[in-house]
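K.L.:
Fold the stuff below for me.
(2 chains)
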Amino acid sequence: QKEVEQDPGPLSVPEGAIVSLNCTYSNSAFQYFMWYRQYSRKGPELLMYTYSSGNKEDGRFTAQVDKSSKYISLFIRDSQPSDSATYLCAMSIQGAQKLVFGQGTRLTINP
Amino acid sequence: EAGVAQSPRYKIIEKRQSVAFWCNPISGHATLYWYQQILGQGPKLLIQFQNNGVVDDSQLPKDRFSAERLKGVDSTLKIQPAKLEDSAVYLCASSSYTSGDTQYFGPGTRLTVL
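P.N.:
Have a look, this model is predicted:
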């Protein structure tokens, strides 16, 4: 069993839709949870960073962490074609170091 | 602020050949990481440096992979000899304590082993 599981998709939705991306994990020691966005032929860039459980909102993006279920989510509201990318969840025991990444979900927003 | 620089961007080699990748981190970032990202998978950490010392190389295949970070700035990752399964994107990232340890990634080097 992988430490972090993420549905690879691909996921295709129309512009303006609400997108829900999810990861599950097995290591209860994970305390820090991140979402990265990776455009084709580019390196990942950090979107959201949360510590422990709860919600965090940044513009059209909301990250949720449910440690009791070992489940994290990223919601994208009013999705735009420019949001088309691969979304990677990542988590760690100690800060932003020693990240363990999910497989990534490939998302396409259709105009 | 300049980002993480990597070169070359693409490399094609035959199996059993050697190859080296170069990374220049963001100025002032003490921590440097090398990741391997196989197509369709998330990045996997190969090695982490703090200044010029190795913090974690537990997932580095040391029989064929080596990395160094002389003078605590630039870093090189070498594969010798390469195998078909080494085909992947090699990502370099850097971070600093003052930036909350957020890792900033370079564009990667895409390696194809034939």
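K.L.:
Enumerate the residues of chain A near chain B.
P.N.:
A:4, A:6, A:8, A:41-46, A:49, A:88, A:90, A:95-99, A:101-104 (Cβ under 8 Å from any Cβ of the partner chain). All C-beta spots, glycine's among them, are computed from the backbone N, C-alpha and C.
K.L.:
Which secondary structure state does the most far-flung residue of chain B relative to its centre sit in?
P.N.:
In chain B, the residue that sits farthest from the middle, by Cα atoms, centre = their mean, is B:Thr98; the gap is 22.1 Å. Secondary structure, DSSP: H, G, I helix; E, B strand; the rest coil: B:Thr98 is helix.
K.L.:
how far away is it from B:Ser27?
P.N.:
Between B:Thr98 and B:Ser27 the computed distance is 12 Å (Cβ to Cβ, to the nearest Å).
K.L.:
Likewise for B:Lys83?
P.N.:
35 Å.
K.L.:
Next: B:Ala88.
P.N.:
With Cβ to Cβ as the criterion, B:Ala88 and B:Ser27 are 27 Å apart.
K.L.:
Name the helix or strand for B:Lys78, please.
P.N.:
Counting by DSSP states H and E, the element that carries B:Lys78 is strand B:75-79.
K.L.:
if you look at that strand, does any of it touch chain A?
P.N.:
No. Among the residues of strand B:75-79, none lie within reach of chain A under Cβ under 8 Å from any Cβ; the closest is 14.8 Å away.
K.L.:
can you give me the offset of that strand from its chain's centre?
P.N.:
On the basis of Cα atoms, centre = their mean, to the nearest Å, strand B:75-79 sits 7 Å off its chain's mean C-alpha point.
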